[in-house]
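Student: could you look at this predicted model? Sequence included:
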Amino acid sequence: MSNEQNIGDYNSLIRVKAGIVGGAGYTGGELLRILVNHPDVDIVFVHSNSNAGNYVYEVHTDLFGDTQLKFGDELSDDIDVLFLCVGHGDAKKFLEANAIAPQIRIIDLSQDFRLSQNSKFHIQNITADPEPSFRQFVYGLPELNRESIKTAKNIANPGCFATCLQLGLLPLAAKGLLTSEVHITATTGSTGAGQSLAATSHFTWRNDNLSVYKVFEHQHLNEIGQSLKQLQPDKAIGDINFIPYRGDFTRGIIASMYTESDLTEDEALKLYAGYYDGHPFTHVTKRNIDMKQIVNTNKCFIQVKKHGTKLFIVSILDNLLKGASGQAVQNMNLVFGLPETAGLRLKAVAF
């Protein structure tokens, strides 16, 4: 079962001017790969203090021949949207240190504004208005908040694990059916750890290896619980037991989850397909799914099966695309009234 969106050919009159902060890292590089080919976007600047003056392709070498953009160390207000591809905690610091014009939309890929208690942020007042200025961030999971995203001034892009796990559970919460314990095992590629080297991200350690980390206490559980409660406010959510694994591959997430359910397999498939109807990147099936199908795409595939009294769900996506930069562009498209799939019809690696 799949959700099709008839995108056809379109002639947009909109030209979105974009700036990128933190363009040298993994998410910044993925964002550049998408935006240099986006039909409706002009990249005004790519900010990086450490790479100022260097061509983008000198850092992201696969972009050689695609762009003559250079990194810079200055910002410009002549943009419509600013992408923050910086580390967790650094987005808030950046906005505290830099006065961004209020008309500029911000899409933040860090975790700084994902939780509701952090979503309202005081900013520098750069106008003559003596009243305090705030930026309100909307949680940017289109399959949950599409209509709110369309009118948002600022977007808090979801985490990669959080996106994968939520997409596997949202349909149940939407019907108030997520009341039993949920058991989740999920494995992510090494790019999920970011570009900076650590003891657990060196090739010699990660290759031919598998390990668990942050058992039952991964930081993405907070945003997952927040979203599930948004859809199921009147019933207690069952405990979410999450065991994350570090995989010995570069990119992608595969999550398997199960919970007690009275639904038959056909009822569950109908529920999931109905929830994601009209969402162009999330597809539901009862067939076995493989991570190779979604790596290098903005898709999430969800497999639903019934085993006795347990509903078994597998969710797979690319942690750098649907789990980060691809979803950020999807949110940008929604904010500016562009086709949701613009610039995101990407080919899976397949082999």
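Tutor: It's in.

Student: where does pLDDT dip in the stretch 151-300 of the chain?
Tutor: 192-204, 206 (pLDDT under 70).

Student: mind redoing it with 50?
Tutor: Regions of the stretch 151-300 of the chain meeting the criterion pLDDT under 50 are absent.

Student: next one: the helix ranked longest in the chain to chain centre, how far?
Tutor: Secondary structure of the chain per DSSP state H: the longest helix is helix 160-174. Taking CA atoms, centre = their mean, to the nearest Å, one finds helix 160-174 lying 12 Å from the centre of the chain it belongs to.

Student: give the other helices and strands that that helix contacts.
Tutor: If contacts are counted by 3 or more CB pairs under 8 Å, 6 or more residues apart in numbering; DSSP states H and E, helix 160-174 sits against helix 142-150, strand 182-188, helix 220-231, strand 240-246, strand 253-260, helix 265-275, strand 300-307, strand 310-317. Every C-beta, even on glycine, is put in place using the N, C-alpha and C of the backbone.

Student: list the buried ones in that helix?
Tutor: Across helix 160-174, burial judged by 16 or more other CB atoms under 10 Å covers 160-174.

Student: closest to residue 329 among these?
Tutor: Distance to residue 329 across the buried residues of helix 160-174 (CB to CB) is lowest for residue 163, with 13.9 Å.

Student: what's near enough to touch that closest one?
Tutor: 141, 300, 317, 322-323, 327 (CB atoms under 8 Å, 6 or more residues apart in numbering).

Student: by neighbours, which of those wins?
Tutor: Counting neighbours by other CB atoms under 10 Å, residue 317 comes out on top of the contacts of residue 163 with 32 neighbours.

Student: hang on, residue 62 in a helix?
Tutor: Yes: assessed with DSSP: H, G, I helix; E, B strand; the rest coil, residue 62 lies in a helix.

Student: burial check on it, number of neighbours?
Tutor: Counted with other CB under 10 Å, residue 62 comes out at 9.

Student: leaving out chain neighbours, which residue sits closest to it?
Tutor: Distances taken as CB to CB, 6 or more residues apart in numbering place residue 33 nearest to residue 62, at 7.5 Å, with adjacent residues excluded.

Student: report pLDDT for the one you found.
Tutor: Residue 33 carries a pLDDT value of 97.

Student: please pull up the helix or strand immediately following the helix or strand containing it.
Tutor: Taking DSSP states H and E as the definition, residue 33 sits inside helix 26-35. Downstream of helix 26-35, the first helix or strand assigned by DSSP H and E is strand 41-47.

Student: just checking, what packs against that next one?
Tutor: Secondary-structure packing of strand 41-47 (3+ CB pairs under 8 Å, 6+ apart): strand 16-21, helix 26-35, strand 71-72.

Student: identify each buried residue in it, please.
Tutor: 41, 43-47.

Student: kindly export stretch 39-50 (C-alpha atoms) in PDB.
Tutor: Extracted C-alpha coordinates of stretch 39-50, given in PDB (Å, rounded to 0.1, in the frame of the first residue of the first chain):
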ATOM      1  CA  PRO A  39      13.900  23.900  -8.500                       C
ATOM      2  CA  ASP A  40      12.700  26.800  -6.300                       C
ATOM      3  CA  VAL A  41      15.600  27.600  -4.000                       C
ATOM      4  CA  ASP A  42      18.600  30.000  -4.300                       C
ATOM      5  CA  ILE A  43      21.300  29.500  -1.700                       C
ATOM      6  CA  VAL A  44      22.500  32.900  -0.600                       C
ATOM      7  CA  PHE A  45      25.200  31.900   1.800                       C
ATOM      8  CA  VAL A  46      26.700  28.800   3.600                       C
ATOM      9  CA  HIS A  47      28.200  29.900   6.900                       C
ATOM     10  CA  SER A  48      31.200  28.200   8.400                       C
ATOM     11  CA  ASN A  49      33.800  29.900  10.500                       C
ATOM     12  CA  SER A  50      36.400  27.200  10.100                       C
END
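
Student: give me the contacts around that stretch.
Tutor: Contact with stretch 39-50 is made by 12, 14-24, 28, 32, 35-36, 56, 59, 67, 69-76, 78-79, 332, 336, 338, 342-343, as judged by CB under 8 Å, 6+ apart.

Student: stretch 24-37 now?
Tutor: 18, 20, 22-23, 41, 43, 46, 48, 50-51, 56, 59-60, 62-63, 66-67, 69, 71, 83, 85-86, 109, 191, 194-195, 320-321, 324-326, 328-329, 343-344, 346.

Student: the residue nearest to residue 62: neighbour count?
Tutor: 20.

Student: check residue 81 too.
Tutor: Residue 81: 22 neighbours (other CB under 10 Å).

Student: from residue 106, how far off is it?
Tutor: For residue 81, the distance to residue 106 equals 7 Å [CB to CB, to the nearest Å].
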